[in-house]
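Engineer: pasting a predicted model and its sequence here:
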Amino acid sequence: MSFGLPHNDKQQGPAKPFKSGMAPRGCRRVGHDKFGQWSSSVMNTDFGSNSQVVQDIRAILLPTYDIAHICLNVEAAEAELPLICSGVLETNQSSGLGSNAGLPPLERRVPQAVIFGGGLPDDLVDRVKAAVLSKAPDVKPIQISREEIFAAGATGPDPEVIARLLRAKLAEQLSI
């Protein structure tokens, strides 16, 4: 999942830049793009294989957290996530999912975390994590395991349960 754009249905056009590191009221010093624009949502990317579950989780996490960039296979994740996480906002999105999808590069947001789906094999997670951290060492990799999901009371990929677990991990990892 990828955080980047503010979720504000009333906002027209791109966010306005702010000077000297000052965020507007209600915004955090997170989710900013390489041009100093601010977001009221924390931006993340997601690598998972079930697009509907990811989209449902994104809807639940809004407006605090947003998923700006979604990858549905390892090839896309290895190619796209290191670039977008390092601020190469011109990166094409293979899935067309997430709040950065369809936006011009200047309006896209740089993620602060990469969220890995619970059904992904550890070797794939390790490959993508290494690729991302080699280009964007400050990005936080976050994974919710199937064991955590089941321990929280779900019997399968339950978006409500996963979103609750993600909120806790994102808050901890991103100090929000």
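Structural biologist: Here it is on my side, so go on.

Engineer: CA only for contacts and neighbour counts going forward, please
Structural biologist: Fine.

Engineer: quick one, helices of this protein?
Structural biologist: 51-61, 74-85, 122-135, 146-151, 159-174 (DSSP state H).

Engineer: tell me how far the fourth one lies from the chain's centre.
Structural biologist: Pointing back at helix 146-151 there. Relative to its parent chain, helix 146-151 has a centroid offset of 21 Å by Cα atoms, centre = their mean, to the nearest Å.

Engineer: quick one: mean pLDDT for that helix?
Structural biologist: Averaging pLDDT along helix 146-151 gives 94.

Engineer: same thing with the first one?
Structural biologist: Across helix 51-61, the average pLDDT comes to 90.

Engineer: residues in contact with that helix: which ones?
Structural biologist: Outside helix 51-61, the residues within contact range by Cα atoms under 8 Å, 6 or more residues apart in numbering are 46, 48, 65-67, 72, 97-98, 157-160, 162-163, 167.

Engineer: buried members of those residues into ChimeraX, please.
Structural biologist: In ChimeraX, this line selects whichever of the contacts of helix 51-61 come out buried by 16 or more other Cα atoms under 10 Å:
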select :46,48,65,66,67,72,97,98,157,159,162,163,167
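
Engineer: now, of the helices of the chain, which is deepest in the fold?
Structural biologist: helix 74-85 (a mean of 22; mean count of other Cα atoms under 10 Å).

Engineer: and the angle for that helix with helix 122-135?
Structural biologist: With axes from the mean of the first three to the mean of the last three Cα atoms, to 10 degrees defining the directions, helix 74-85 sits at 30 degrees from helix 122-135.

Engineer: farthest-apart pair in the contacts of helix 51-61, please.
Structural biologist: Using Cα to Cα, the contacts of helix 51-61 reach their maximum pairwise distance at L72 and R167, which is 21.3 Å.

Engineer: mind putting the helices of the chain in a markdown table, distance to R109 included?
Structural biologist: Listed next are these as a markdown table, based on distance: least, Cα to Cα, whole Å:
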| stretch | distance to R109 |
| --- | --- |
| helix 51-61 | 15 |
| helix 74-85 | 9 |
| helix 122-135 | 16 |
| helix 146-151 | 29 |
| helix 159-174 | 16 |
